[in-house]
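A.B. asks: dropping the sequence and predicted coords here.
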There are 2 protein chains.
Amino acid sequence: MENFDFYAPTKMLFGKGKAVCLPEEMRPFGNRVLMVYGGGSIKKNGIYDTVCGILKDSGFQFWELGGVTPNPKIETVRAGIAMAREHQADMILAVGGGSTVDCGKVIAAGYFYEGDAWDVVKDPSLIAGALPVFTVLTMAATGSEMNPTAVITNQAVHEKQGVHSSHLYPRASVLDPTYLYTLPAIQTAAGVADIMSHIFEGYFKKTEDAYVQDKFSEGILKTCIKWGPVALTEPENYSARANIMWAASMALNGLCGCGKEGKWSCHAIQHQLGAYYDITHGVGLAVITPAWMRYILSENTVGKFVDYAINVWGFPRQPDEFALANMGIDATEQFFVDCGLPVTLSELGIDDSLFEVMAKAAVPYAQLDTQAYVPLHEQDVVNIYRACL
Amino acid sequence: MENFDFYAPTKMLFGKGKAVCLPEEMRPFGNRVLMVYGGGSIKKNGIYDTVCGILKDSGFQFWELGGVTPNPKIETVRAGIAMAREHQADMILAVGGGSTVDCGKVIAAGYFYEGDAWDVVKDPSLIAGALPVFTVLTMAATGSEMNPTAVITNQAVHEKQGVHSSHLYPRASVLDPTYLYTLPAIQTAAGVADIMSHIFEGYFKKTEDAYVQDKFSEGILKTCIKWGPVALTEPENYSARANIMWAASMALNGLCGCGKEGKWSCHAIQHQLGAYYDITHGVGLAVITPAWMRYILSENTVGKFVDYAINVWGFPRQPDEFALANMGIDATEQFFVDCGLPVTLSELGIDDSLFEVMAKAAVPYAQLDTQAYVPLHEQDVVNIYRACL
């Protein structure tokens, strides 16, 4: 096991009706709140009214920044910082999915930075402090509600950039599984693919003896496999929503990836797809992942894929390790199909015209040629894109 | 899944040589440290010299309270509070196992309380603040390094009392697996039994759909089963020590027990053994657990024991559920035997003379008659003690 720090100080308020516990967590920090949310689904499903009611009943003053988009934009962050300053906000409350939470985090950090907010995204060492951030989650996918990361897009310079800082941990996050009941099926499915990908990126690593982490990882994958389809066929199944929601937070709070060496592969490859085409993150990952798995399967990696096939999918051990490994990979792909996710680029209307351009950008993005589980060079990434057609 | 709060704000500094990272975590709180430790094993194995060297090199002033015993005494806590006040300590550094950490926590809390320290143990609502606590762990068992709990003994009133308060979370804990290399085998084994018991207490609960938690629990049990024996036969096997050490923290930081209803059973039954006989906590648990499992096995619980036998021990499914359940229980007992742990009270020199007295105290201690996984009345607890003879 490699040396690591594990730090996850966000207080998680989990369960039906837990939003009522927010005021107690927020009150020590003041009573002026900038509430950040997305495209308005929270106004249709009643979450907006619930949260506003709770804030009002508890005597908080709040101002609203709506309209945060998927792949949240630096312009929205700038607008949020201006509003927070204008109203002397004491804290940020993000009500939404990962994009909304990410946007709220960078507003919180940019608030104390005198220059342009894009500077802190590019160089998190400039973040010397942040307004306290609270979240009410309406998606299960990114894990942003329990980690110190945000991803912001700057279309003016064609960049989408992740930012990490210990100042970005939310203070408290409300996870009410009933808030997922009205989620469109494609978002539920894409969320499950995103959760699984977060696990795959840590599970398939060179470090072989991080056993606790591997068992936790297998547990989260099994959770997705068992409960994802239930959430899709019975959107109001509380057990399904609760397990998927909790799995999402656990998949990217450091628990499963700690003590392991190396960088992520599929996210870098999908990241470039997202930069050039308007596709949902989790959908892109569902396409890339099985192709990547088949591409890196070799004498060196087959043992880990055998573990995966046995421990996650429950296939019986058999003498032909490669056959067993491929059974696990095929099961992964079929699972995404069964969840209603596309598993080819063609289904997404993407052809091979930008493969070289994207591959050229993907390799340095995560040092895939030196830091990946299996090193990948430009031609490798092109080959993986091609296998996804 | 039941509603829950999950909160684990301790920064975990994990790995070989990580004690050097302590000063950075401690410095924001001052430079006057009360260092608390146990019976002196840290002076033999070099950990004392390492930690003192790091403190000195970083310019900390420190005073020492050694001699903390297993089942730490309120007298030691009082002495620590007096020392901390005399030297105007800014923080507590506990170097040792769970007992030392527990003692350090209550010193930290008692520092700000004007009355007697036993008051805050009996009534944690009196804890309005605490000195920051840091730990350097030399055992893998109690999980105290990452949770807000301490257990203190007051011999004058024949009481051993647990105390929980959000002020008691350590700020940061150093977990260096090499610090376990010199641990006596019986302590390693008792630690493994303690870790497994913490999991059993959460795993065998009425709540059936806390799937993520159950998978995490099974992962920690498998970690103990795989790596415990390795740590016993190869005390300097880093992978074994690392996985057991991390499993211990994960077993009692809320991760595996959250979202589930009901109180613990075996700890209450063992607690009374500990009150009347001088036995190690983990050893008592190894004796009680298999007997408790057999006693509560019924039509109502057999499904959970079947899950346990299959998912933890890897037994194949078979039509006779009770046979399968008993295979899991027998495997548990045999595992403790193989670890060199006693599995009968007779081996510990304990006869039946106090069974009724202990049972009478065990039931109200954890409301076993109403809140346990399977309700237990006095006669049930006597029967379990008797099955351990």
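C.D. replies: Structure's in. What do you need?
A.B. asks: can you name the residue of the stretch 251-389 of chain A nearest to chain B?
C.D. replies: Per Cβ to the nearest Cβ, residue A:259 is where the stretch 251-389 of chain A lies closest to chain B, at 6.9 Å. No exception for glycine: its C-beta is placed from N, CA and C like everyone else's.
A.B. asks: surely that residue and residue A:206 touch.
C.D. replies: No. Counting by Cβ atoms under 8 Å, residue A:259 stays clear of residue A:206, with 11.9 Å between them.
A.B. asks: more neighbours, the two?
C.D. replies: It is residue A:259, of residue A:259 and residue A:206, that has more neighbours when counted by other Cβ atoms under 10 Å in any protein chain shown, with 24 against 15.
A.B. asks: confirm the more buried one sits in a strand?
C.D. replies: No. Looking at residue A:259 with DSSP: H, G, I helix; E, B strand; the rest coil, it is coil, so not inside a strand.
A.B. asks: check contacts around it.
C.D. replies: A:1, A:2, A:3, A:4, A:207, A:210, A:213, B:14, B:15, B:242, B:246 (Cβ atoms under 8 Å, 6 or more residues apart in numbering or on different chains).
A.B. asks: try 7 Å
C.D. replies: Shown in contact with residue A:259 (Cβ atoms under 7 Å, 6 or more residues apart in numbering or on different chains): A:1, A:2, A:4, A:207, A:210, A:213, B:14.
A.B. asks: which of the residues you listed are buried?
C.D. replies: Burial by neighbour count, judged by 16 or more other Cβ atoms under 10 Å in any protein chain shown, picks out A:1, A:2, A:4, A:210, A:213, B:14 from the contacts of residue A:259.
A.B. asks: and those, which is closest to residue B:87?
C.D. replies: Ranked by distance to residue B:87 (Cβ to Cβ), the buried ones among the contacts of residue A:259 are led by residue B:14 at 30.2 Å.
A.B. asks: please name the nearest non-neighbouring residue to that closest one.
C.D. replies: Using Cβ to Cβ, 6 or more residues apart in numbering or on different chains and skipping residues adjacent in sequence, the residue nearest residue B:14 is residue B:175, 4.6 Å away.
A.B. asks: let me know how buried the one you found is, in neighbour terms.
C.D. replies: Residue B:175, neighbours per other Cβ under 10 Å, totals 27.
A.B. asks: swap in residue A:187?
C.D. replies: Neighbour number of residue A:187 under other Cβ under 10 Å is 20.
A.B. asks: where does it land in three-state SS?
C.D. replies: helix.
A.B. asks: how near is it to residue A:70?
C.D. replies: Taking Cβ to Cβ, to the nearest Å as the measure, residue A:187 falls 10 Å from residue A:70.
A.B. asks: what touches both of these two?
C.D. replies: Here residue A:187 and residue A:70 share no contacting residue, scored by Cβ under 7 Å, 6+ apart.
A.B. asks: near chain B at all, the helix or strand in which residue A:135 is found?
C.D. replies: Element membership of residue A:135 [criterion: DSSP states H and E] is strand A:133-137. No. Judged by Cβ under 7 Å from any Cβ of the partner chain, strand A:133-137 and chain B are separated, with a smallest distance of 13.5 Å.
A.B. asks: next, the angle strand A:133-137 makes with the helix or strand following that strand.
C.D. replies: In the C-terminal direction, the helix or strand that comes right after strand A:133-137 (DSSP H and E) is strand A:149-154. Orientation check (axes from the mean of the first three to the mean of the last three Cα atoms, to 10 degrees): strand A:149-154 against strand A:133-137 gives 90 degrees.
A.B. asks: among the contacts of residue A:259, which one sits closest to residue B:120?
C.D. replies: Set against residue B:120, the nearest of those by Cβ to Cβ is residue B:14 (30.3 Å).
A.B. asks: that older thread, from the contacts of residue A:259, which land in helices?
C.D. replies: residue A:213 (DSSP state H).
A.B. asks: how about the contacts of residue A:259 in a markdown table, adding distance to residue A:193 and pLDDT?
C.D. replies: Converted to a markdown table, the contacts of residue A:259 look like this (distance: Cβ to Cβ, whole Å; pLDDT from 0 to 100):
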| residue | distance to residue A:193 | pLDDT |
| --- | --- | --- |
| A:1 | 28 | 97 |
| A:2 | 27 | 98 |
| A:4 | 26 | 98 |
| A:207 | 24 | 95 |
| A:210 | 23 | 98 |
| A:213 | 21 | 98 |
| B:14 | 30 | 98 |
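A.B. asks: residue contacts, the residue of the stretch 51-200 of chain A found nearest chain B?
C.D. replies: As assessed by Cβ to the nearest Cβ, chain B sits closest to residue A:177 within the stretch 51-200 of chain A, at 7.8 Å. For residue A:177, the contact set (Cβ under 7 Å, 6+ apart) comprises A:16, A:238, A:241, A:242, A:245.
A.B. asks: how close does it sit to residue A:262?
C.D. replies: Remark: distance between residue A:177 and residue A:262 (Cβ to Cβ) = 33 Å.
A.B. asks: ditto for residue A:254
C.D. replies: Taken as Cβ to Cβ, the span from residue A:254 to residue A:262 is 15 Å.
A.B. asks: ok, residue A:78 next?
C.D. replies: In terms of Cβ to Cβ, residue A:78 sits 35 Å off from residue A:262.
A.B. asks: which of the two has more neighbours?
C.D. replies: residue A:262 (21 against 16).
A.B. asks: my guess is that one contacts residue A:376. True?
C.D. replies: No. Assessed by Cβ atoms under 7 Å, residue A:262 is found out of contact with residue A:376, at 11.8 Å.
A.B. asks: what does chain A put close to chain B?
C.D. replies: Counting by Cβ under 7 Å from any Cβ, the residues of chain A near chain B are A:1, A:3-9, A:11-16, A:18, A:209, A:211-212, A:215-216, A:219-220, A:222-223, A:226-227, A:239, A:242-243, A:246-247, A:250, A:259.
A.B. asks: appreciated, that's everything.
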